[in-house]
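In: Give me a 3D structure for the following:
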Amino acid sequence: MQREFRYRTTGILSIAAIVTASAITVSGQYSLTVNKERLENARNEPQNWLLMNGDYGANRYSRLTQINRDNVGNLRMVWALAIGGMQDTGRNGPEAELNPLVDNGYMYTSDGWGTVYKIDARAPDHAKFVWIADPGVDHEGNTSRSRGIALWEDKVISNLPDGRVIAIDRDDGEIIWDVEVAGVTEFGRRERFLTAPLVADGKVLVQNGAGDGGTRGWVAALDVETGEELWRWYTVPEPGQPGSETWTDDHNAWKTGGGGVWQTGSYDPEKKLYIFGTGNPYPIYDPEFRPGDNLYTNSAVALDIDTGERRWHFQYTPNDSWDYDEVGVHLLHDLTIDGQLRKVVSHYARNGFYYTVDRNDGSFIKAGQYVNELNWTAGINPETGTPLEYDPNLEVQIYNPEARALRVDRDRMKRACPTWHGGVAHQPTAFNPDKGIAYGVGTEGCFTQNGATVASAGPEGNVDNQASERRQYSSELYYGSITAVDAVSHEVLAKVVTDIEVRSGATVTAGG
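Out: Down below sits the predicted model:
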């Protein structure tokens, strides 16, 4: 833990507080511990932001009204603190893709290398560090990216770029426990944490997001008091497990099957369900390498938080070949549909549709297109929620053949919409419960690609990269969008288009 605030000179990142001309002051004394009751009722504390996506339902809705549509243009920066974590590794630059957590005037955040900061932000015009906890992540061989932390009782929980998960005493910054959870597969492929942990009912939920690196995605639950692993569930099943029948190849493609989880899931305390989205199968663009529906990739999944058992799933794009992974936020809310109040899960899917499924069993309710251009399918079956062309008897789906690049299309470019960026990818979405409107931000456009054969390394599994053909692709019509969808009818109510992609998230307030 650092107590003297020294920084390297290679780069800094600023944490800034933005308020209106009339500053918001935080009332109350030093916060109580962030216990189970407070987290389950986080929306009742609008002065705080206790969870990565605002509340367990991931609705990112604030009841505060002081900032509204009339004065939002007057926002200005009133203080900033420089933090570290911006040392370049020569590959992707360091990234801190997170929002800080706030508990009654104290702010908690981290940088790209996993150093955690506690900041006293109670004053309206300045802030100061309380402590800095540096877990000592080796910069060599690790990805410098952080997407958030979690609070529970007297602890700050963080998963690190090197595969460790740590618990820090939130009063003095000392590390309480430190365990290695993510590792290396039998083929030497690294598992990685690419999203914030979630703590619920005394369990720390962390997940492997490195599906595109040829690992199998998983979710693991740790005891929040000790760090002991309680259970682990894989998004790609091994032979003999439910769902393994959807991997019909003869070279153990499941071992490198993908399905990474790189956005924080949602939690239903009443049903004790952890609900999250999974990534695309691997290899990404050759569905003939991995024939079958490739469960449980491109899916919404609900796990029993006590046992880690799968309660239900809903797959958006079986046998995907466009990188339409569905790791994005899954919104939990209640809707009145056909006169009946239903508990639902809603999701801005990367494949261009906005979906709603039943939270009890994952059964399909409705879907509607929200992107401007979409051609990979003619639409969604209103009864099943599958693409209209989906054929359960096919091992390799066809969908729209003009947009689907298969191995036979080695010398032909196929144009597909939306782009492989989405739609909405991992950018946090938001839901206004008073208006029944869901908001999504993301990228729109199309891309073209040819078919390319990915070679198997043999019957024991893995990909032979040297013997694989190179895929060619290009992107077009990239632009950003902010979309508002009626959560019941799924009609697009409004859309604002921007010249460049929108990679940030959405938050909605009662201030309009």
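In: Give the pairing partners of the one helix or strand residue 368 maps to; include direction for each.
Out: Following DSSP states H and E, one finds residue 368 within strand 364-369. Paired strands of strand 364-369, with direction, are strand 353-358 (antiparallel) (DSSP bridges).
In: what sits up against the partner strand?
Out: Contacts made with strand 353-358 from outside it, assessed by C-beta atoms under 8 Å, 6 or more residues apart in numbering, are listed as 300, 314, 316, 335, 342-349, 363-370, 374, 380, 385, 438, 440, 485, 487, 490. To be clear about C-beta, it is placed using only N, CA and C from the backbone, and glycine gets the same treatment.
In: Tell me the buried residues within the residues you listed.
Out: The neighbour count (16 or more other C-beta atoms under 10 Å) marks 300, 314, 316, 335, 344-349, 364-370, 374, 380, 385, 438, 440, 485, 487, 490 as buried among the contacts of strand 353-358.
In: where exactly do the strands run in the stretch 151-300 of the chain?
Out: With DSSP state E, counting those that start in this stretch as the definition, the stretch 151-300 of the chain shows strands at residue ranges 155-159, 164-169, 175-180, 198-200, 203-208, 218-223, 229-234, 266-268, 273-277, 299-304.
In: Tell me how far the fifth one lies from the chain's centre.
Out: Centroid displacement of strand 203-208 relative to its chain, using C-alpha atoms, centre = their mean, to the nearest Å, is 13 Å.
In: who does it touch, helix- and strand-wise?
Out: strand 164-169, strand 198-200, strand 218-223 (3 or more C-beta pairs under 8 Å, 6 or more residues apart in numbering; DSSP states H and E).
In: Just name the most buried of those.
Out: Taking mean count of other C-beta atoms under 10 Å as the contact definition, the stretch among those with the greatest mean neighbour count is strand 198-200, which reaches a mean of 26.
In: Parallel or antiparallel, which strands does that one pair with?
Out: In its sheet, and by DSSP bridges, strand 198-200 pairs with strand 203-208 (antiparallel).
In: Buried ones in the partner strand, by neighbour count?
Out: By 16+ other C-beta under 10 Å, the buried positions in strand 203-208 come out as 203-208.
In: With stretch 386-406 instead?
Out: With burial defined by 16+ other C-beta under 10 Å, the residues of stretch 386-406 counted as buried are 386-387, 389-390, 396-397, 399-400, 403-406.
In: Between the two ends of that stretch, how far is it?
Out: End-to-end distance for stretch 386-406, by C-alpha to C-alpha, to the nearest Å: 20 Å.
In: With distance to residue 356 and mean pLDDT as extra columns, can I get the strands of the stretch 151-300 of the chain in TSV?
Out: As requested, the strands of the stretch 151-300 of the chain are arranged in TSV below (distance: least, C-beta to C-beta, whole Å; pLDDT from 0 to 100):
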stretch	distance to residue 356	mean pLDDT
strand 155-159	30	97
strand 164-169	33	98
strand 175-180	37	98
strand 198-200	22	98
strand 203-208	24	98
strand 218-223	23	99
strand 229-234	24	99
strand 266-268	14	99
strand 273-277	13	99
strand 299-304	11	99
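In: Just put the helices and strands packed on strand 203-208 in CSV and tack on distance to residue 77.
Out: Output for the helices and strands packed on strand 203-208, formatted as CSV (distance: least, C-beta to C-beta, whole Å):
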stretch, distance to residue 77
strand 164-169, 28
strand 198-200, 30
strand 218-223, 37
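In: returning to what we had before: so which of the strands of the stretch 151-300 of the chain is nearest residue 507?
Out: If you check each of the strands of the stretch 151-300 of the chain against residue 507 by C-beta to C-beta, strand 266-268 wins as the nearest, at 15.7 Å.
In: now the closest one, how far from the centre of its chain.
Out: Its chain's average C-alpha position is 14 Å from that of strand 266-268, according to C-alpha atoms, centre = their mean.
In: That one pairs with which strands, parallel or anti?
Out: With DSSP bridges as the criterion, the sheet partners recorded for strand 266-268 are strand 273-277 (antiparallel).
In: which residue of this protein sits farthest from its center?
Out: In the chain, counting by C-alpha atoms, centre = their mean, residue 411 sits farthest out from the average C-alpha position, at 34.9 Å.
In: Doesn't that residue lie inside a strand?
Out: No: following the definition DSSP: H, G, I helix; E, B strand; the rest coil, residue 411 is coil and is not counted among the residues of a strand.
In: How about it: what's its closest non-neighbour residue?
Out: Of all residues beyond its chain neighbours, the one nearest residue 411 is residue 450 (7.0 Å), with distances taken as C-beta to C-beta, 6 or more residues apart in numbering.
In: mind listing what the one you found touches?
Out: Residue 450 is in contact with 405, 409-414, 471-473, counting by C-beta under 8 Å, 6+ apart.
In: Let me see the contact set for the residue lying closest to residue 272 once chain neighbours are set aside.
Out: Closest residue in space to residue 272, ignoring its immediate chain neighbours: residue 305 at 4.9 Å, by C-beta to C-beta, 6+ apart. With contact taken as C-beta under 8 Å, 6+ apart, residue 305 is in contact with 200-201, 203, 205, 221, 267, 272-274.
In: do that again at 7 Å, thanks
Out: Listed by C-beta atoms under 7 Å, 6 or more residues apart in numbering, the contact set of residue 305 reads 200-201, 203, 221, 272-274.
In: Give me the distance between the spatially most central residue of the chain and residue 463.
Out: Nearest to the centroid of the C-alpha atoms of the chain, with distances taken as C-alpha atoms, centre = their mean, sits residue 263, at 1.5 Å. As for residue 263, its distance to residue 463 is 25 Å (criterion: C-beta to C-beta, to the nearest Å).
In: likewise residue 277?
Out: Distance from residue 277 to residue 463, counting by C-beta to C-beta: 24 Å.
In: These two: which has the busier surroundings?
Out: Using other C-beta atoms under 10 Å, the more surrounded residue of residue 277 and residue 463 is residue 277, with 27 against 22.
In: what's across from that one in the sheet?
Out: Per DSSP bridges, residues listed as beta-bridge partners of residue 277: residue 300.
In: my guess is it meets residue 330, correct?
Out: Yes: here residue 277 reaches residue 330: they are 5.7 Å apart, a contact under C-beta atoms under 7 Å.
In: Now do the shared contacts for these two.
Out: Both residue 277 and residue 330 are contacted by 300, 347, under the criterion C-beta under 7 Å, 6+ apart.
In: now the strands for the stretch 301-450 of the chain?
Out: Taking DSSP E, counting those that start in this stretch as the criterion, the stretch 301-450 of the chain carries its strands at 310-315, 331-337, 340-348, 353-358, 364-369, 414-416, 430-432, 437-449.
In: For residue 174, find the nearest of those.
Out: strand 331-337 (34.7 Å).
In: mind exporting that closest one as PDB, just the C-alpha atoms?
Out: Listed next in PDB are the C-alpha coordinates belonging to strand 331-337 (Å, rounded to 0.1, in the frame of the first residue of the first chain):
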ATOM      1  CA  LEU A 331     -31.600  -4.700 -17.300                       C
ATOM      2  CA  LEU A 332     -33.800  -6.100 -14.600                       C
ATOM      3  CA  HIS A 333     -37.200  -4.400 -14.100                       C
ATOM      4  CA  ASP A 334     -40.900  -5.000 -13.900                       C
ATOM      5  CA  LEU A 335     -43.200  -4.200 -16.800                       C
ATOM      6  CA  THR A 336     -47.000  -4.400 -17.300                       C
ATOM      7  CA  ILE A 337     -47.500  -6.500 -20.400                       C
END
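In: and that strand with strand 364-369, angle?
Out: For strand 331-337 and strand 364-369, the angle between their directions (axes from the mean of the first three to the mean of the last three C-alpha atoms, to 10 degrees) works out to 100 degrees.
In: how far away is the nearest residue to residue 49 once chain neighbours are set aside from residue 122?
Out: Nearest in space to residue 49, with sequence neighbours left out and distances taken as C-beta to C-beta, 6+ apart, is residue 102 at 4.6 Å. Spatial separation of residue 102 from residue 122 under the definition C-beta to C-beta is 10 Å.
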